[in-house]
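**Q** coords below, sequence missing:
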């Protein structure tokens, strides 16, 4: 893995903002990923196919990045599968508890000047910083 490079990060952020804006302007939908997933898996959801296509597009973008720049991803097996599963379950629980995820609150909510989204995003960031600190301090081989 290489260090932080600002230009790709800036371009990636601009693409996320553009896609969230297009989804909001054209479909009137917030680009919250947890809401998209919930709309696919929960019974009685409308527009299931649109949501599924949006998520498949995100996964496809990751697949293209993996094919073109595999060094952007951690080596296989560098994270224990039990940690990845536990992290996924905790993220899912947290997004339901917080009524949204980082994309919904951090990208879409903050751009609409939502106070609730500001509190949620600050909580996400503080928890992430604390988690990295604890993993690096007490996690042994986790870096």
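**A** Yep, it's here. Note that the structure is predicted; figures quoted are calculated from it, not measured.

**Q** Buried residues, the lowest-mean-pLDDT helix or strand in the chain. List them.
**A** Using mean pLDDT, DSSP states H and E, helix 33-41 stands out as the lowest-scoring helix or strand of the chain, at a mean of 81. Going by neighbour count (16 or more other CB atoms under 10 Å), the buried part of helix 33-41 is 33-37, 39-40. Backbone N, C-alpha and C define where each C-beta goes, glycine included.

**Q** quick one: pLDDT of residue 63?
**A** We have a pLDDT of 92 for residue 63.

**Q** who does the helix or strand hosting it touch, helix- and strand-wise?
**A** Take DSSP states H and E as the rule and residue 63 turns out to sit in helix 48-68. Applying 3 or more CB pairs under 8 Å, 6 or more residues apart in numbering; DSSP states H and E, one finds that helix 48-68 contacts helix 33-41.

**Q** Show me the contact partners of the helix it packs on.
**A** The contact list for helix 33-41, computed with CB atoms under 8 Å, 6 or more residues apart in numbering, reads 45-48, 51-52, 54-55, 58, 92, 95-96, 100-101, 103-104.

**Q** Which of these sits closest to residue 132?
**A** Using CB to CB, residue 101 is the member of the contacts of helix 33-41 that lies nearest residue 132, at 18.2 Å.

**Q** can you count the residues close to that closest one?
**A** Neighbour count of residue 101, defined by other CB atoms under 10 Å: 23.

**Q** Residue 66 versus that one, what's the distance?
**A** Residue 101 is 22 Å from residue 66, where distance means CB to CB, to the nearest Å.
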